[in-house]
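**Q** Have a look at this prediction, sequence included:
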Amino acid sequence: MRITLPVGIILDGQRYREVEVGYLTGHALKSMRAAIGGRRPQGLDHYLDALKVGIKGIVGYEGTITPEIIKNMFWVDAEYILHSMAVMELEALRDIDPSVGEPTISRTCPSCGHTSDFPVDLAGRAVRMVEETKFGESSDFTIPFKLSQPIDWLDPEKTPYQEGRLGLHTVGDFLEIARRAARNVGEATLYSICRAIVELGPKGRGEIDPADLEPLPAVDIKRLERLYNDNEPGLLPLEPAECPNCGNEVNLNPIDYVLDFLLVSR
Ligand SMILES: [Zn+2]
């Protein structure tokens, strides 16, 4: 199946927008299940395993698709590829057995503790292209931002800096954020913003440390978070569902495609 990526893969300064998506293979299923060892992911390398078979080809690109290329692509593109693989699995399943219903995801209600399965219209999920967001307004897909006040701890000369640019997370960023989130959500939040800042004073992509952001007013952290979340291209978050037991809202995001749709037999 050929899909158009929300952003595109940048290779040698060239942007590739179309990808040929492949089926999950028995071989990948085996190694991914081994990596997960149950329902909880121990490592997150199964995402890379899935993407390795999911990206059958980058249209117009003749070179080899290396693990480096996969790690450096934008996470929203990778997520869309995983999504497309899940849609393909579902279609293949329905070809064999037309009575297969919508896939479900299991969530525990935060109000009453009741666990339910919620159906998800996988194929109907909305996707937003980068051109529809502020990231699409610049050729390198970054958004300018200004802090509420200048900060002077980024270089030894104590130069005040107030402006920077926000970029999109790569697959490598996402995997490290997810690893940290499993240990400490607060730390992962700050780290996630660090990885999104591609320019601030003397620092470039990957050079901001969580310690650099800790002295910032919380209002700036929250503004950067909102700026990123409001403009992130790719699959749009699912609407909250209603708990069948108590009627309260249950958040269905994020969906773990690898676990919920690609690996589980149904
Ligand atoms: Zn409930």
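**A** Cool, the structure landed.
**Q** in this protein, which ranges drop under the pLDDT threshold?
**A** Scanning the chain for pLDDT under 70 picks out the ranges 35-43, 265-266.
**Q** Which other helices and strands does the helix or strand harbouring Tyr16 contact?
**A** Using DSSP states H and E, Tyr16 sits in strand 14-21. Other helices and strands packing on strand 14-21, by 3 or more Cβ pairs under 8 Å, 6 or more residues apart in numbering; DSSP states H and E, are strand 2-11, strand 55-58, helix 75-96. Every residue, glycine included, has its C-beta placed from N, CA and C.
**Q** how about the helices in this structure?
**A** Secondary structure of the chain (DSSP state H): helices at 26-36, 45-54, 67-72, 75-96, 171-183, 185-196, 210-213, 218-231, 257.
**Q** Turn those helices into CSV, columns for mean neighbour count and distance to the ion.
**A** Listed next are the helices of the chain as CSV, based on neighbours: other Cβ atoms under 10 Å; distance: least, Cβ to the ion, whole Å:
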stretch, mean neighbour count, distance to the ion
helix 26-36, 15, 28
helix 45-54, 21, 31
helix 67-72, 15, 39
helix 75-96, 19, 27
helix 171-183, 17, 24
helix 185-196, 18, 22
helix 210-213, 16, 35
helix 218-231, 14, 26
helix 257, 23, 25
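**Q** Figure out which of those helices is closest to Ile3.
**A** With Cβ to Cβ as the measure, helix 75-96 is the member of those nearest Ile3 (5.1 Å).
**Q** Just list whatever residues bridge to Gly204.
**A** Glu199 (DSSP bridges).
**Q** that older thread, hmm, who's touching the strand holding Tyr16?
**A** With contact meaning Cβ atoms under 8 Å, 6 or more residues apart in numbering, strand 14-21 is reached by 1-5, 8-10, 54-61, 77, 81, 84-85, 88.
**Q** Also stretch 106-118?
**A** Stretch 106-118 is contacted by residues Thr104, Ile105, Ala241, Cys243, Pro244, Asn245, Cys246, Asn248, Val250, Asn251, Leu252, Asp260 when judged by Cβ under 8 Å, 6+ apart.
**Q** Please tell me how far Arg165 sits from Asn184.
**A** According to Cβ to Cβ, to the nearest Å, Arg165 and Asn184 sit 27 Å apart.
**Q** out of these two, which sits in the busier spot?
**A** The residue with more neighbours, out of Arg165 and Asn184, is Arg165; 17 against 11, by other Cβ atoms under 10 Å.
**Q** which ones are touching that one?
**A** Thr142, Ile143, Pro144, Phe145, Ile197, Val198, Glu199, Leu200.
**Q** now do Cys246
**A** Going by Cβ under 8 Å, 6+ apart, Cys246 touches Cys109, Ser111, Cys112, His114.
**Q** which one of these is nearest Arg180?
**A** Arg180 lies nearest to Cys109 out of the contacts of Cys246, by Cβ to Cβ, at 26.5 Å.
**Q** was I right about Asn72 contacting Val171?
**A** Yes - counting by Cβ atoms under 8 Å, Asn72 does reach Val171; the two are 7.2 Å apart.
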